[in-house]
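Chemist: Model the structure of this input:
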Amino acid sequence: MFDTYKTINTPTDGIYKEKGSKFLAFAIPVNTVDEVKEIVKNYRKEYYDARHVCYAYMLGAERKNFRANDDGEPSGTAGKPILGQINSFELTNILVIVVRYFGGILLGTGGLVVAYKEATVDALKKAEIVEKTVDATISINFDYVLMNEVMRVIKDTNVQILSQGYENNCNLKLSVRLKEVELLKSKFEKIVGLSIEN
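Modeler: Numbers count the residues shown, from 1 in each chain. Okay, the predicted model is just below:
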């Protein structure tokens, strides 16, 4: 089970120029495929005058959800080199878009691979790479009289309280590292009258 993953904190950009062609790279933190689609659509609108808007993304701590898109460039010359750099930097939850303005001189497949790779490297080298933990959200409901015991368990474990409510009884929404969920559940189950949902 993957407990941590590396991603970027904020968007960055890079550039590579070759024989009049300009390759503008944009590295963006993302969490879902829908987010990727929306961002790519917006970049295509913004750079409507560009010859190609190629991209690659990687999602999830296990790094198994990914895609590369050549957007009309010869197969394997754009999306793959972009994805290759995402892999080299061991990143996930990231989208890299490279916008190409054609300079009038064909670069050939080898030249394209180098250009898309170098533009991506430029953007990724400028990024602040952070390590994040794989977290789960759990909700617990309990009687008010158990508050002290529940708070003691929370204090003793690495748990963040996301929200709390106190109507008929107490309910807390907690963020906890995935690998600690079962341990936390067993601690809470020792306190009778607690209902837990993932």
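Chemist: so what's the residue nearest the centre of the chain scoring on pLDDT?
Modeler: Nearest to the mean C-alpha position of the chain, by C-alpha atoms, centre = their mean, lies Asn93 at 1.7 Å. pLDDT recorded at Asn93 is 97.
Chemist: longest helix in this protein, by residue count?
Modeler: Counting by DSSP state H, the longest helix found in the chain is helix 108-126.
Chemist: what's next to that one, contact-wise?
Modeler: If you take C-beta atoms under 8 Å, 6 or more residues apart in numbering as the criterion, helix 108-126 is touched by 8, 12-16, 18-19, 21, 23-27, 54, 73-74, 76-78, 80-82, 84-86, 89, 91, 96, 98, 100, 107. C-beta here means a position set from N, CA and C on the backbone, and glycine is covered the same way.
Chemist: Repeat the analysis, applying 6 Å as the threshold.
Modeler: The contact list for helix 108-126 (C-beta atoms under 6 Å, 6 or more residues apart in numbering) reads 12-14, 16, 18, 23, 25, 27, 74, 77-78, 81-82, 85, 89, 96, 98.
Chemist: in it, what counts as buried?
Modeler: Within helix 108-126, the residues that count as buried by 16 or more other C-beta atoms under 10 Å are 112-124.
Chemist: ok, Ser21 - contacts?
Modeler: For Ser21, counting by C-beta under 6 Å, 6+ apart, the contacting residues are 102-103.
Chemist: Give me the three-state assignment for the residue of the chain positioned farthest from its centre.
Modeler: For the chain, the residue at maximal distance from the C-alpha centroid (C-alpha atoms, centre = their mean) is Val145, at 40.3 Å. At Val145 the chain is in helix, as set by DSSP: H, G, I helix; E, B strand; the rest coil.
Chemist: And the contacts of helix 108-126, which of them are buried?
Modeler: 12-14, 16, 18, 23, 25, 27, 77-78, 81-82, 85, 89, 96, 98.
Chemist: how close does Ile8 get to Phe23?
Modeler: 19 Å (C-beta to C-beta, to the nearest Å).
Chemist: scratch that, Leu178 is what I was asking about
Modeler: From Leu178 to Phe23 the distance is 38 Å (C-beta to C-beta).
Chemist: again, but for Val176
Modeler: The gap separating Val176 from Phe23 is 42 Å, by C-beta to C-beta.
Chemist: Just send the buried residues of helix 108-126 back as JSON lines, with pLDDT and distance to Val130 too.
Modeler: JSON lines is the format used below for these (pLDDT from 0 to 100; distance: C-beta to C-beta, whole Å):
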{"residue": "Leu112", "pLDDT": "96", "distance to Val130": "31"}
{"residue": "Val113", "pLDDT": "97", "distance to Val130": "29"}
{"residue": "Val114", "pLDDT": "97", "distance to Val130": "29"}
{"residue": "Ala115", "pLDDT": "97", "distance to Val130": "28"}
{"residue": "Tyr116", "pLDDT": "97", "distance to Val130": "25"}
{"residue": "Lys117", "pLDDT": "97", "distance to Val130": "23"}
{"residue": "Glu118", "pLDDT": "98", "distance to Val130": "24"}
{"residue": "Ala119", "pLDDT": "98", "distance to Val130": "22"}
{"residue": "Thr120", "pLDDT": "98", "distance to Val130": "19"}
{"residue": "Val121", "pLDDT": "98", "distance to Val130": "19"}
{"residue": "Asp122", "pLDDT": "98", "distance to Val130": "19"}
{"residue": "Ala123", "pLDDT": "98", "distance to Val130": "16"}
{"residue": "Leu124", "pLDDT": "97", "distance to Val130": "13"}
